[in-house]
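K.L.:
pasting the structure only:
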């Protein structure tokens, strides 16, 4: 086995990345790193037993260059005989609409596409092409901006469905692998633009560090691995404290204050969620040490208050959900709580594959009773594929990273037997039609200022 292939294989084995069956989605931009990942995983798929499915997202940011990347990926996947799904989105327009940065918006839209595809492929793992140099750049960026131990752990090899098989390879090793196999790639013209923070580090900082240590990227990966073990140990201490002391939504204030700060801070972050910063943590500890038996503190998504010796955590009231409403064929239903319009018409199923996450075709004869729209209810589940069983909507919402406070505002389309479709997630196979079937066509359209 080629030494680079073996290095990646051993790394994947260490972190249990690759399944022995089923699909792995490989995210392919067309650049050097992703083309290396595509070819490496294609070789490993035969050895391990999984099937490879490529995914490309066109950000529509570089005009004909972006379209050229898409065409290149389509051609290369065709040569390798690897099935490919292509998505696209107006990243610039979405960033302007939401007031967020281009990079952040592009990442969210790209991963949204990958996660949807993963659901469609029965929960397939998603492989990205982050490498050892990316790890070093990430750690340096976090150092510059300020971070704690968790931030210094860098990019994790595995996070949920996301796997990163190339974290063990430097960019030089990737280029050597590609050269040895004559693997073509596309060069992103923005890589030389040092107005981007990451490019600035890549172009100007890393060359200086490599003069001090040519293996600095590999050293960083090893350091991050050690720090992750430290972080895991400290978090386990925090989890043990919570398990032993968190009762009825409260903690003993004195015991919390007596913990070492690395543990108490993790207890607070675990109970208060990811929306808090170091300033919030300090405020909670001040509240816990306060002599005022009825003092309180407001935090993102919750309030804390002293009840004598206890520190009580109270979630803010949840946003009200969507009252159940009936969908009547030939009508348009306004759902102000979710900010959308839902139209419902009779139609005939078209020929060919029909897949949409906002327009659904329900086989008329398979519908049980009336079609309604409501919020998710405890026990709701849906079956998205013949190959998989039913999955709870709660789990699907978590997988799609829908914030807990917003889950009650996701419209769930049901018939008399339960959920049959959820926008952004998919349609139950029970009501999917065949070409030519009489169908009920339901379209969900997001609009602003609906009230």
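P.N.:
Right, received. Where do you want to start? This one's a predicted model, so the numbers in the text were calculated from it and none came from an experiment.

K.L.:
Only C-alpha atoms from now on, for both contacts and neighbour counts.
P.N.:
Will do.

K.L.:
Of all residues in the chain, which one is nearest the centre?
P.N.:
Nearest residue to the geometric centre of the chain (Cα atoms, centre = their mean): residue 111, 5.7 Å.

K.L.:
and that residue, how far is that from residue 139?
P.N.:
In this view, residue 111 and residue 139 are 21 Å apart by Cα to Cα, to the nearest Å.

K.L.:
next one: residue 46
P.N.:
Distance from residue 46 to residue 139, counting by Cα to Cα: 34 Å.

K.L.:
more crowded one of the two?
P.N.:
The residue with more neighbours, out of residue 46 and residue 139, is residue 139; 20 against 11, by other Cα atoms under 10 Å.

K.L.:
OK, contacts around that one?
P.N.:
By Cα atoms under 8 Å, 6 or more residues apart in numbering, the residues touching residue 139 are 151-154.

K.L.:
For the residues you listed, give me JSON lines that also has distance to residue 384 and neighbour count.
P.N.:
Shown next, in JSON lines, are those (distance: Cα to Cα, whole Å; neighbours: other Cα atoms under 10 Å):
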{"residue": "151", "distance to residue 384": "36", "neighbour count": "18"}
{"residue": "152", "distance to residue 384": "38", "neighbour count": "24"}
{"residue": "153", "distance to residue 384": "36", "neighbour count": "22"}
{"residue": "154", "distance to residue 384": "34", "neighbour count": "24"}
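
K.L.:
what's the closest of those residues to residue 234?
P.N.:
Nearest to residue 234 out of these is residue 153 (Cα to Cα; 13.1 Å).

K.L.:
where does the stretch 251-400 of the chain have low pLDDT?
P.N.:
274, 316-319, 352-356 (pLDDT under 70).

K.L.:
Which parts of it are strands?
P.N.:
For the stretch 251-400 of the chain, strands defined by DSSP state E, counting those that start in this stretch occupy the ranges 296-299, 302-307, 310-315, 325-327, 331-335, 340-348, 359-363, 371-374, 381-382, 391-392.

K.L.:
Over to the stretch 1-150 of the chain?
P.N.:
Using DSSP E, counting those that start in this stretch, the strands of the stretch 1-150 of the chain run over 23-27, 51-58, 84-88, 125-127.

K.L.:
JSON lines for the ones you listed, including mean neighbour count, mean pLDDT and distance to residue 302?
P.N.:
JSON lines is the format used below for the strands of the stretch 1-150 of the chain (neighbours: other Cα atoms under 10 Å; pLDDT from 0 to 100; distance: least, Cα to Cα, whole Å):
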{"stretch": "strand 23-27", "mean neighbour count": "26", "mean pLDDT": "96", "distance to residue 302": "37"}
{"stretch": "strand 51-58", "mean neighbour count": "22", "mean pLDDT": "95", "distance to residue 302": "37"}
{"stretch": "strand 84-88", "mean neighbour count": "16", "mean pLDDT": "93", "distance to residue 302": "37"}
{"stretch": "strand 125-127", "mean neighbour count": "26", "mean pLDDT": "95", "distance to residue 302": "33"}
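
K.L.:
Tell me, how many residues neighbour the spatially closest residue to residue 246 that is not a sequence neighbour?
P.N.:
Nearest non-adjacent residue to residue 246, counting by Cα to Cα, 6 or more residues apart in numbering: residue 252, 8.0 Å away. Counted by other Cα under 10 Å, the residues lying close to residue 252 total 18.

K.L.:
Would you mind measuring from residue 252 to residue 280?
P.N.:
Taking Cα to Cα, one finds residue 252 at 18 Å from residue 280.

K.L.:
hmm, back to that, just put the strands of the stretch 1-150 of the chain in JSON lines and tack on distance to residue 297.
P.N.:
Compiled in JSON lines, the strands of the stretch 1-150 of the chain are given as follows (distance: least, Cα to Cα, whole Å):
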{"stretch": "strand 23-27", "distance to residue 297": "44"}
{"stretch": "strand 51-58", "distance to residue 297": "43"}
{"stretch": "strand 84-88", "distance to residue 297": "44"}
{"stretch": "strand 125-127", "distance to residue 297": "40"}
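
K.L.:
that older thread, of the contacts of residue 139, which belong to helices?
P.N.:
Residues of the contacts of residue 139 located in helices (DSSP state H): 151-152.

K.L.:
What residues sit buried inside stretch 25-45?
P.N.:
Neighbour counts over stretch 25-45 (16 or more other Cα atoms under 10 Å) mark 25-42, 44-45 as buried.

K.L.:
Filter those residues down to the ones in helices?
P.N.:
Counting by DSSP H, the buried residues of stretch 25-45 place 32-42, 44-45 in helices.

K.L.:
tell me which of the residues you listed is nearest to residue 147?
P.N.:
Checking these against residue 147 with Cα to Cα, the nearest one is residue 33 at 27.3 Å.

K.L.:
Just the endpoints, please. Distance across stretch 82-93?
P.N.:
End-to-end distance for stretch 82-93: 32 Å, by Cα to Cα.

K.L.:
just how off-centre is it within its chain?
P.N.:
Here the centre of stretch 82-93 is set off from its chain's centre by 16 Å, with Cα atoms, centre = their mean, to the nearest Å.

K.L.:
quick one on the thing from earlier: comparing the strands of the stretch 251-400 of the chain, which comes out most buried?
P.N.:
Most buried of those, by mean neighbour count (mean count of other Cα atoms under 10 Å): strand 359-363, with a mean of 25.

K.L.:
Partner strands of that strand and their direction?
P.N.:
strand 438-446 (antiparallel) (DSSP bridges).

K.L.:
mean confidence for the strand it pairs with?
P.N.:
Averaging pLDDT along strand 438-446 gives 88.

K.L.:
Repeat that for stretch 153-170.
P.N.:
Average pLDDT, stretch 153-170: 94.
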